[in-house]
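K.L.:
have a look; sequence and predicted model below, questions after that.
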Amino acid sequence: MHGLAIRWPAMTDVRNSPEAPAPKPWITTIHTYVPGKSAGDIVHANGQAPVKLSANENPLGTSAKALASRNHAATPSLYPDPGSNALREAIGELHGLDPARIVMGTGSGELLNLAVQGYAGLGDEVIYVRHGFSVYEIAARRCAATPVVAPDADYGSDVDAMLAQVTDQTRVVFIANPNNPTGSFLSKDEVARLHAGLPSSVLLVVDQAYGEYVAPEDDDGALALAEAHPNVLVTRTFSKIYGLAGERIGWGTGAQGIVDTLNRIRAPFNVSGTGQAMALAALADEEFVEYSRDHNRRERDRFVAAIDMMGNHGLRALPSQANYVLVLFEGAFTAQAAYEGLMEIGYITRWLPGQGLPHGLRITIGEAADMDAIAAALRMMVEAAG
């Protein structure tokens, strides 16, 4: 090889090459999920960090027991239990479910996507309500399925409208209960009526991300439906009331066939060892969950009452069973002005023009002092606007 000149191939710019990989055409129709602004996005002159009330995280933080459990988590150099067996056992015991019929996800978002991936594809249809969770459209499009949007009933799910959209091509129907971002809630009878009206070949996915915030007496019956029928999947998350949003832990339950399908296509080792340990401890701390639920109900009711006092200025708070309230600005004072005004005084909320709600502001229920400050600021702004 001595003395031989090596000729390297000429370098070419492949960025605009017609031979560069091209995404599937249905992928290019997806609008990237846009989260709310985080505290790190904003710097105030006074140096104080803003209060983030845009992502529906638990304002009380995380259970002390869950935080302490991090010290007992598995060694980071080792893979976690791929089946999250201890965690599934604990979930099953708490909810009276068969652990074999529980599947874990990287947040419930992974399971929502897998539900469509497992049961729908090109030429199939996925139904969800207008002003529903934006991930449902993404889940449909990423599998080349057609999103079908059902009309809402005053910003909530309308069972008759959803059933009217069902065709021979329908494969999956999504409902969030409570609904994100509007906070609306379908009763047990309405959820049962929706399920009864669907063909047995259609998968009903009931997204209960905020289910723990619902009063036990208002249970929507979805877990019982999933236990009794082969075409119901219920998903939940540890991101909300359990205060583990950063750990990305979700779970779902349904018939054995559904769980088997999702297990085939979920990511291996999808819940970290630390996440499993923290979720186990969080499940055991029922006092923290109850305290969080009671705090949310109390502060939500006070905040809604304060917004109702501004009805003559065009503000309306939609009824909510979740840990947030969607405030509609139906007068001269706009949601955008409110969003920017609250940002100036240190509160990050969620303005929703990208979800067809340019007149809506979703506000997470925070601590009492913060909710009082927001209500007072809104009153000052609307009165100043005339």
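P.N.:
Thanks, I have it. The model shown is predicted, which means the values in this text are computed figures rather than measured ones.
K.L.:
what is the neighbour count of the nearest residue to residue 153 once chain neighbours are set aside?
P.N.:
Spatially, and ignoring its direct neighbours in sequence, residue 153 is nearest to residue 161 (7.1 Å; CB to CB, 6 or more residues apart in numbering). For every residue, glycine as well, the C-beta is placed using N, CA and C. Residue 161: 16 surrounding residues under other CB atoms under 10 Å.
K.L.:
residues contacting residue 161?
P.N.:
Residues near residue 161 by CB atoms under 8 Å, 6 or more residues apart in numbering: 129, 150-153.
K.L.:
export the residues you listed to JSON lines and tack on secondary structure?
P.N.:
Formatted as JSON lines, those follow (DSSP: H, G, I helix; E, B strand; the rest coil):
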{"residue": "129", "secondary structure": "strand"}
{"residue": "150", "secondary structure": "strand"}
{"residue": "151", "secondary structure": "coil"}
{"residue": "152", "secondary structure": "coil"}
{"residue": "153", "secondary structure": "strand"}
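K.L.:
so where do the strands sit in the stretch 51-200 of the chain?
P.N.:
Taking DSSP state E, counting those that start in this stretch to define them, one finds strands in the stretch 51-200 of the chain at 51-52, 102-105, 125-129, 146-150, 170-176.
K.L.:
which helices and strands does the shortest one pack with?
P.N.:
Using 3 or more CB pairs under 8 Å, 6 or more residues apart in numbering; DSSP states H and E as the contact criterion, the secondary-structure elements in contact with strand 51-52 are strand 347-348.
K.L.:
against residue 180, how distant is the residue positioned nearest the centre of the chain?
P.N.:
Compute the mean C-alpha point of the chain, and by CA atoms, centre = their mean the closest residue is residue 209, 5.8 Å away. The gap separating residue 209 from residue 180 is 7 Å, by CB to CB, to the nearest Å.
K.L.:
what's the answer for residue 365, then?
P.N.:
For residue 365, the distance to residue 180 - CB to CB - is 14 Å.
K.L.:
out of the two, which sits in the more crowded spot?
P.N.:
residue 365 (27 against 22).
K.L.:
give the contact list for residue 220.
P.N.:
177, 185-188, 191, 206, 208, 211, 214.
K.L.:
give me the nearest residue to residue 145, chain neighbours excluded.
P.N.:
Residue 145 sits nearest to residue 120 (CB to CB, 6+ apart), 4.1 Å away.
K.L.:
how many neighbouring residues does that neighbour have?
P.N.:
Residue 120: 23 neighbours (other CB under 10 Å).
K.L.:
can you pull the contacts of it?
P.N.:
126, 140, 143, 145, 171-172.
K.L.:
let's go with 6 Å and repeat that
P.N.:
Listed by CB atoms under 6 Å, 6 or more residues apart in numbering, the contact set of residue 120 reads 126, 143, 145, 171-172.
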